[in-house]
Structures are given as structure tokens and as C-alpha cells.
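**Student:** need coordinates for the following:
(2 chains)
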Amino acid sequence: MAPLRLDFPVREAEVFPVLGAEDAFPTPYPDNGVTVLVPLSRWLEERLGLIDAGLSVGVWLASDESPEDWGPTLAEDMARLPVIGLAFPAFTDGRAYSSARLLRERHGFGGELRALGDVKIDQVPLMVRCGFDAIDPKDTLTEEAVNAALSRFRHVYQHAGDGRPAIWAERRSIVAKTEAERCSTGIEKEIVA
Amino acid sequence: MYRYDEFDAAIVADRTREFSDQVARRLSGEIDEDSFKPLRLMNGVYLQLHAYMLRVAVPYGELSANQLRRMARIAKDYDKGYGHFTTRQNIQYNWIALSDMPKVLEELAEVGLHAIQTSGNCIRNTTCDPLAGVAADEYEDPRPWAELIRQWSTFHPEFTFLPRKFKIAITGATKDRAAVQFHDVGLELAPLPDGSGEIGFKVYVGGGMGRTPRVGRLLRDDLRKEHLLSYLEAILRTYNMQGRRDNKYKARIKILMDALGVEAFRAKVDAEWEAMERTTVDVPAEEVARITDYFAPLDYAPVSTGTAQEVADLRAQDPAFDAWLNANVHAHKVEGYAGVTISLKPVGGIPGDATTDEMEAVADLVDRYSQGILRVTHEQNLLLPHVRQDQLHALWLALQAVGLETPNVGHMGDIIACPGLDYCALATARSIPIAQEISARFKDMTRIQDIGPVTLNISGCINACGHHHAGNIGILGLEKAGDEAYQLVLGGAADERAAVAQQTGRGFSAEGIVDAVETVVEAYMELREGSETFIDTFRRVGITPFKEALHGPTSA
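**Tutor:** Numbering: from 1, shown residues only, chains lettered A, B, ... in the order given. Predicted coordinates:
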């Protein structure tokens, strides 16, 4: 268990225990300041109690769950929750990439989006592009390897959830910049003449 | 054709470096085969029976002569001197060592080729009409859209781990030469139904082969061109989230459509599309225009008005030239020009294979006769799209000189076959020897002209990579009690009148299947009326007369 924040550069992240539906909260809790992740179903059931008790709780979704399963408290929870975890039971299960994008881009979630489980180094750049900003991989990944993976691809072909411009937008801004330079050079020449 | 600029080249280079790393980690044992497998698949590296196989992408089937030359060189330097052109317009090499893969990919990248996403549970090569841009019956050239789809789908971070592979095909003509209705998504450029005359997309979803063949269902016929990418994104997101992941054989989008029904599926896709922030998905009109410019029609120097007569005279004098014109040469939108298919199905040969020498010879002919451009067809042949009619005879003679003049395109002998048990770890039967036998049985070119247009597909297992479900005549190789057993199906069609072929009854041995094919052909010759092709006759009379010819009269 060596969670990482996918910042520039990558750094160690807080451990957030991931609870099952029946698991007891760790003790002493909440005095140890730890944030705990509970499954969506448990959050929806115990939500008011957890909020009233002032506990630091995040929610995690299984790979067969999506924002569509959240129900009417979704909008409010997006503003309230410090962290949402999305599970990758096997790295080949790619459903959470879509859930991540929906949470970030459709529902405006601004807290930490953490990938849990079978996270391999090659998926980390994809996760960042879909809006994840932290990982808790079951097999340890080094900060060095993750930094290298994240800086590997200099361009991307399409827009996604990370704000990087698609190639066509990059080209367009280069053309615009060149045009601007040409215009300003032209004006200078006029003035000098 | 589209040319890579420094952005495209950087992306391919970065990917090649990433894969080199992954190969190194595999070879050092840092990652095991299970972890390596999905990574190598996304770089087109399969493990077959004898060796690793590399599948190189030919985006929408279009190639330059120089790219073909590089493919020839790879075959010579790293393989056993040949490559295989596939049913998705790609090329495969069967014998490349894993440790050579990174070097091969570098050499391919030098000419703008790669093996990105030619395998794996991601969006594969988008295939296209091989006569795109030149077909006489074309509404609009599908290639710019195929290129836009390529860019949108390459390393799409959300759709890299789909439930299963995803295949898109696109056509822009009245005749469908891209089999769009047998794809996960099939796109057809056609006039919008609003009567404006404007061209838009018909969108078919859920076609496919394999164990559960399906003809794609029309999702909508009114998609505006500028919304293509966002609509595809909506379809893919719906599939990614809801496609089955519990059973590999029930994981394609066609199964999801079966489960939901077309209406419910469309409702989900439309709802997703409505909710989507589309301005960053759909590219601006100026980008569409920029890409379209790459596919601008070439300068077609006019051909003299006497050419048609000259060709007519030559063909009257030479039945062999006439046969080649009938089968291998296609109408072109520009007067005086033609499209020419080079058959990679010589009598008794391995369908779709080409040697280094053949590829180099074709590259020279492409430069000389087709302005440096060729296409790969999904029937595993090569097509020259820009041939002057006054050079047809010279081209034909040149093809004869290198043994590539076989006049069987679209006829008996133009067999589409998967690699089968000779190569493939999934196969249950050999397909190539069956293709060779049938080809030899029908070696008489006069006879095959007489039989007329017919498609024949052979698959070596129920995964149906030979597309036997879409063949007018289809053969499926199964394993029965240790002996290869061959099922015969009839009446499939891969064109705009798409249909899944029907069973004819009990199967045949390897010897018997060749006789069975001949029986079926003879039955057609007896039954046909006027100028009916095989599939015309089948559609008129149904399967019963053919079953009876094969197995005797059926009881009342």
C-alpha cells in the first residue's frame, strides 16, 4: 500500500483505508484524522449519520457501479466529499475511466479522485487524462517510474478530462501565434519605413 | 493521402519507446506474460502457434509505394520473406522475434507506419471502401472521416480497456465495399433524410461475426457530419460502461444491443450525447477542412478520347486481357481512369500472402501506374486507384511478368481465408489447404468467368476471422472427433444487402468440402436465370435446392 498523488512531480499520498460494507471503522476514529473510504451503498444508507458525526469519509465505487447509481444526493455529495475512490479489480476492467470522466466533467467533482486496486504503470497516464489525481495500487509503483510514465507522451490526439489540448488545437495555436508574429513584424517594418 | 507532421510522428515515436520499455521489462522478467499480454496486444503483437505475429496498421487501407517497400524490407530482414494482408486492411508478419519488435516498429515509424491498436480490447483500425475517393458511385469520400476517427480513437484514454475489441468501418458510396453492416459501428455517408441533399451519416451498430453473427442495426440515419466524433464517443462510453465483462464471448456491443434492444440502446446513447460537452470532442470545421485537403483529388491528366476504342479492340483480340478487365478493373469517377485490383489469390496459392519480391514489384507498378498510391482491400487483395485506361494493357503485361495477373477478383478463386490451424493458436481446423484445393479445382479462368461474381470465405474456427458468415459460400472448419470437419453455409453477403449465411446441414471432410463447393456451384449454374449472380439466384430460390443438391431430397 503506497498511495501516490499524481502531481508534478508525483509524491506520496495519505493512506485512506478502504472499507467493505460490513467493516468496522478503524479505532481511534475520527481522532486520528484519517479519512476512510466506504462503499457507495453504505454511504447512501448511513450518510446522514456519518455527516452528523462529522466523520471524514470518502466513497468508493466498485467497477460495476457508476455515478448513475448514486441517486438524488449526487450533486450535494460532489461538493461535500473530500475523496472518491474508483476500483480496478483487474487492470483490464476499464469501466472506471468512464466513471472518472463523468464525475469530473459532468458532475463537477473537485475532490481527490483515487484509483484503487490493480493499477499498472502503463495505465497511470490514461488515468490522469480521465481526471484521476491519485492512485493506491495493489502492487507498489515507484515515484520515479510514475514520473517517467507521465512525461512520456508529448502530445495527445484528443481532448479528455485533463485539459491537455488535442493535437488539432495545438496546431491551431501555433498557426495563430505565427500569424500574430507576422502581423507585428509587419507593423514594425511599416513604422521603421 | 494523409501525411504525418511532427505531431503525429512524435506520438508514434513516444509509443514506440514505451513499447520498447515494455518489451525490455518482459524479456528481463520484470513483468510476466499475463501482465505483458494486454500491453503487447495494443501494439499489435500476438502470440501464435509458432512465433510472435506483428499486425501493422494500414489506416483505412491506404498506403504509399514507399510504405509498401518498407513492408517488403521488414519481411525480408525480420521475417521469412512474406507478409499477409488481412480482412481489416492491415498486414501481418508471422515470424518476427519478440526482441526484434521494437526495432521493426522504429523502421516502420520512419515511413509513418505503426502497429498501434491493431489488437487488444480497444478501438481497432477503421476500415474503408478501397475505392474511396475514386468510386463512380460515391456520394462523398469517406477517407477524411476515417482519418478523423483514427486520430480521435488513438490512445483514447477512456476507451483503452473496453469489454472487447471495437471495429469501425465507413463507406461513402451506394455500393458498400467495406462491409459496414458487419462492424461494431458501421458508418455510411449518404444524403440526409431531410431532403436537403446534404450528406450526413447513417449509423449502424452491433454488426459482427464470431460465434453470434449479426447484421448491424440502424441506430440513426440523420447524424450530421460535424457530430460524428461526439456521437461515437457517446456510443463508446455506453458500451464501455455497460458491455458485459463476465464472458469474453458475450462481450461485444452486438450482445449489449441484443440485451437492451435497439430502442433502449439508442435512448441511452442519445441521452449521453445530449448531456456531453461536445465542443472539445467534435473538431472545428477548419480542422475537417485541413484534413480533407490531404485527400484532395489528384491531377488527372486527361486521357485521349480514342482510349475506350483502343481498349475495346485489345480485349476483343485477347480473351485473357478481357477476362482480367472483367474481373479486376473497376469503374472510376474520372473519365478515362480505372481502379485495378491485384489479386493475391493465385491458383493454389495462400490467399492474401505476398512475398518481398511481389511487394517490391507492386510498389514499382504503383509508382508507375497509380501515382504512388495503393489500397489494401478487406478481401485480402491490393488495389491501384488511379490507373489511366490507356495504360491498362501495359499494366496487365507488367503484372503477367511477375505472376500477379490472376483475373479472379470477386470470382471463384478470390477466396478470403483466415490463417487457420497452420498459424493460429485458436484454430480448430486448417483453412489454407482448403483454400488452395478449391482454388486448384476452379483454376480454369474461363470457367470462373462463366460462373460470375461470387464470394467465398473460409474460417478455421468459430471465431470467424475469415468472415464465413458473410460469404455467398462460407466454410467453417470445426474439429470433430479429432478429424477436421467442415461446415458449409450459403447466402451470406457483406455488401449493402448484408446477410448472414445459412446452414446447409451436416458437415464434410476436408476432401468432401471441395466437392461440396463444386456441387453448390453446379446447382447454381442449373438454377440461374438470365444474368443472375450466385447471390441473386440464392435470394430467389432459397437454400432448399442447394441442400437437396448436397444431401439429397428433403422429405416433405
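**Student:** quick check: the residue of chain B nearest chain A.
**Tutor:** Residue nearest to chain A within chain B: B:Phe161 (2.6 Å; Cβ to the nearest Cβ). Placement of C-beta: from N, CA and C, glycine included.
**Student:** ok, the nearest residue to B:Glu188 once chain neighbours are set aside - how many residues close by?
**Tutor:** Nearest residue to B:Glu188, sequence neighbours excluded (Cβ to Cβ, 6 or more residues apart in numbering or on different chains): B:Lys202, at 4.2 Å. As a burial measure, B:Lys202 scores 20 neighbours (other Cβ atoms under 10 Å in any protein chain shown).
**Student:** and B:Lys202, that one's in a strand?
**Tutor:** Yes: under DSSP: H, G, I helix; E, B strand; the rest coil, B:Lys202 falls within a strand.
**Student:** quick one: the strands in chain A?
**Tutor:** Using DSSP state E, the strands assigned to chain A run over residues A:4-5, A:11-12, A:36-39, A:57-61, A:83-88, A:112-117, A:134-137.
**Student:** who in chain A is up against chain B?
**Tutor:** Counting by Cβ under 8 Å from any Cβ of the partner chain, the positions of chain A adjacent to chain B are A:66, A:91-95, A:97-99, A:101, A:105-106, A:120, A:122-123, A:125-127, A:129-130, A:152-160, A:166-168, A:170-172.
**Student:** what do you get if the cut-off is 7 Å, keeping everything else the same?
**Tutor:** A:66, A:92-95, A:97-98, A:101, A:105-106, A:120, A:122, A:126, A:129-130, A:152-160, A:167-168, A:170-171 (Cβ under 7 Å from any Cβ of the partner chain).
**Student:** can you tell me which of the strands of chain A is nearest to B:Gln502?
**Tutor:** Nearest of those to B:Gln502, taken as Cβ to Cβ: strand A:83-88 at 43.0 Å.
**Student:** off-centre distance for that closest one?
**Tutor:** Mean C-alpha position of strand A:83-88 versus that of the full chain (Cα atoms, centre = their mean, to the nearest Å) differs by 9 Å.
**Student:** counting contacts, what elements does it pack onto?
**Tutor:** strand A:57-61, helix A:95-101, strand A:112-117 (3 or more Cβ pairs under 7 Å, 6 or more residues apart in numbering or on different chains; DSSP states H and E).
**Student:** show me what the last one is packed up against.
**Tutor:** To tie it back to what came earlier, the one meant is strand A:112-117. Contact partners of strand A:112-117 among helices and strands, from 3+ Cβ pairs under 7 Å, 6+ apart: strand A:83-88, strand A:134-137.
**Student:** so which residues make contact with it?
**Tutor:** Strand A:112-117 is contacted from outside by A:18, A:60, A:82-89, A:96, A:100, A:103-104, A:127, A:131-136, A:138, using Cβ atoms under 7 Å, 6 or more residues apart in numbering or on different chains.
**Student:** what do you get if the cut-off is 6 Å, keeping everything else the same?
**Tutor:** Strand A:112-117 has contacts (Cβ atoms under 6 Å, 6 or more residues apart in numbering or on different chains) with A:83-89, A:100, A:127, A:131-136, A:138.
**Student:** give me the buried subset of those residues.
**Tutor:** Buried members of those, scored by 16 or more other Cβ atoms under 10 Å in any protein chain shown, are A:83-89, A:100, A:127, A:131-136.
**Student:** farthest pair in those residues?
**Tutor:** Across those (Cβ to Cβ), the longest gap, 20.9 Å, separates A:Pro89 and A:Asp133.
**Student:** in the stretch 301-450 of chain B, what residue spans correspond to strands?
**Tutor:** B:329-330, B:337-342, B:353-355, B:373-376, B:382-388, B:415-417 (DSSP state E, counting those that start in this stretch).
**Student:** so does stretch B:281-290 get close to chain A?
**Tutor:** Yes: against chain A, stretch B:281-290 shows contacts by Cβ under 6 Å from any Cβ of the partner chain at B:Val283, B:Glu287.
**Student:** pull the distance from that stretch to the chain's centre.
**Tutor:** Remark: stretch B:281-290 is offset 27 Å from the chain centroid, using Cα atoms, centre = their mean.
**Student:** give me the number of residues near the nearest residue to B:Gln48 once chain neighbours are set aside?
**Tutor:** The shortest distance from B:Gln48 to any non-neighbouring residue, by Cβ to Cβ, 6+ apart, is to B:Tyr423 (5.2 Å). The tally of other residues near B:Tyr423 (other Cβ under 10 Å) stands at 23.
**Student:** go on, B:Arg214?
**Tutor:** Look at B:Arg214: counted by other Cβ under 10 Å, it has 23 neighbours.
**Student:** that one contacts B:Gly208, doesn't it?
**Tutor:** Yes: the pair B:Arg214 and B:Gly208 qualifies as a contact (Cβ atoms under 6 Å) at a distance of 5.4 Å.
**Student:** so where is chain A shaky, pLDDT-wise?
**Tutor:** A:1, A:28-33, A:184-193 (pLDDT under 70).
**Student:** which single residue in it comes nearest to chain B?
**Tutor:** For chain A, Cβ to the nearest Cβ, closest residue to chain B: A:Gly94, 2.6 Å.
**Student:** which stretches in chain A count as helices?
**Tutor:** A:40-52, A:74-80, A:95-101, A:124-130, A:143-150, A:167-192 (DSSP state H).
**Student:** most packed of those helices?
**Tutor:** Across the helices of chain A, the average number of neighbours (mean count of other Cβ atoms under 10 Å in any protein chain shown) peaks for helix A:95-101, which reaches a mean of 26.
**Student:** what packs against it?
**Tutor:** Using 3 or more Cβ pairs under 6 Å, 6 or more residues apart in numbering or on different chains; DSSP states H and E, the elements in contact with helix A:95-101 are strand A:83-88, helix A:124-130, helix B:228-242.
**Student:** can I get those in a markdown table including distance to B:Ser431?
**Tutor:** Below are these laid out as a markdown table (distance: least, Cβ to Cβ, whole Å):
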| stretch | distance to B:Ser431 |
| --- | --- |
| strand A:83-88 | 38 |
| helix A:124-130 | 37 |
| helix B:228-242 | 30 |
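**Student:** next, B:Gly208: phi, psi?
**Tutor:** The phi/psi pair for B:Gly208 (degrees, to the nearest 10) reads phi 170, psi 170.
**Student:** kindly apply the preceding question to B:Val262 instead.
**Tutor:** Per degrees, to the nearest 10, the backbone of B:Val262 is at phi -60, psi -50.
**Student:** any idea how far it lies from B:Val269?
**Tutor:** 10 Å (Cβ to Cβ, to the nearest Å).
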